[in-house]
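Chemist: A structural model of the following input is requested.
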Amino acid sequence: QVQLVESGGGLVQAGGSLRLSCAASGRTFSSYYMGWFRQAPGKERGFVATIRWSGGNTYYADSVKGRFTISRDNGKNTVLLQMNSLKPEDTAVYYCAAGYGSSLVTVALWGRGTQVTVSS
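Modeler: Sure thing, here's the model as predicted:
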């Protein structure tokens, strides 16, 4: 079964850190971009960051540049999102995605999401 499974969400105070993990399984993702989107209540799902599985090029939304870092662990088929200096406006459900394009303009596979809540 081809799937993406997120973990690592939770509740953290503003200024704190969390690390999200996305475990990919069921197929080879080497030709894909892997990344993260987020959706806050009442808002549309938006792009956060991507990494090209082959080559490791990374791309970020302006709102998270300098605070979030996306990386991959080829051996574990896992994509990580290290989130530092968290702000209340980072509160959202974070979704892992696999697809095409540096901003994942075409998403082929979604994870189910993990909740991140940042308290002020």
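Chemist: ok, what's across the strand from the closest residue to residue 101 other than its chain neighbours?
Modeler: For residue 101, ignoring the flanking residues on the chain, the nearest one in space by CB to CB, 6 or more residues apart in numbering is residue 33 at 6.4 Å. The C-beta positions use only the backbone N, C-alpha and C, and glycine is treated the same way. Under DSSP bridges, the beta-bridge partners of residue 33 are residue 52, residue 99.
Chemist: distance check, residue 33 against residue 72.
Modeler: Residue 33 sits 11 Å away from residue 72, taking CB to CB, to the nearest Å as the criterion.
Chemist: list of residues touching whichever strand or helix holds residue 37?
Modeler: Applying DSSP states H and E as the criterion places residue 37 in strand 33-39. The contact list for strand 33-39 (CB atoms under 8 Å, 6 or more residues apart in numbering) reads 20, 22, 24, 45-53, 59, 70, 72, 79, 81, 90, 92-102, 104, 113, 116.
Chemist: give the contact list for residue 90.
Modeler: 38, 64, 83, 116, 118.
Chemist: near the closest residue to residue 105 other than its chain neighbours, how many other residues are there?
Modeler: In space, and not counting its chain neighbours, residue 105 is closest to residue 99: 7.6 Å by CB to CB, 6+ apart. Residues near residue 99, counting by other CB atoms under 10 Å, number 17.
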